[in-house]
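> sharing a model that was predicted from the sequence below.
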Amino acid sequence: MNVVNAVRDLYRGRWGEPSRKASFRTGVHEIEVFKWDAASTGEGVDLYATLGSSGEDMPGAERGHRVEFFVGLQPGRDALASPLAALGLFARREGVRVDHGHTVPADEPLWPGTDMRTLLVLRQAAQILPALQLDGGVHVEFLQVVPVFESERKFTAEHGADALLKRWEAAGTPFWDPRRAAEPAA
């Protein structure tokens, strides 16, 4: 059983062939980032998803637990592929678990013209991709990623990811809009 191929099949079965593919390699690890335009996803956003994070168990998790990451933006920002790939390799490279509420910084802005430099990892609020159950107790969880400003990262560090989500909901913050303004620090 090839887990990565099973994930690829799930993506294609759900959204068809991606409109873009980008490949990244760090040492022996390789990861791809696929993009589907909003018209093909039915989600109202362009979706970017990693393929290759699930090649190994998540460090610090139970045996067989694997993850892939996805982000939805409207309008899309293709330059996000590189930071998303880095996130997909982060757990293996650093030997740490990445899960709901964790933030992972990038070395530079996530795309040209933004001040956002951090990715916030979340459990899916609405199930866009169900967990993939495979033979031998292997399962792949799909974690949602949201680009955040430094003020939002600090808020999350102090109050938690769920509090940030509630704050966004109350304020009507379009977290999927890469052009959104930074929220004031709390």
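All right, it came through fine.
> list phi and psi for residue 44.
phi 80, psi 10 (degrees, to the nearest 10).
> so which bits of stretch 25-32 are buried?
29, 31, 32 (16 or more other CB atoms under 10 Å). Heads up, the C-betas are built off the backbone N, CA and C, glycines and all.
> can you check stretch 65-75 too?
Across stretch 65-75, burial judged by 16+ other CB under 10 Å covers 65, 66, 67, 68, 69, 70, 71, 72, 73, 74.
> right, and the fourth one touches residue 144 too?
No. Taking CB atoms under 8 Å as the definition, residue 68 is not a contact partner of residue 144, at 10.7 Å.
> sorry, back to before: specify which member of the buried residues of stretch 25-32 is nearest to residue 43.
residue 32 (20.0 Å; CB to CB).
> what lies in contact with the helix or strand containing the closest one?
Here residue 32 sits within strand 29-36, counting by DSSP states H and E. Identification of contacts with strand 29-36 by CB atoms under 8 Å, 6 or more residues apart in numbering yields 11, 15-16, 18-25, 46-53, 55, 76, 78, 81-82, 84-85, 88-89, 92-93.
> quick one, strands of this protein?
20-26, 29-36, 46-51, 65-73, 103-105, 118-122, 132-133, 139-148 (DSSP state E).
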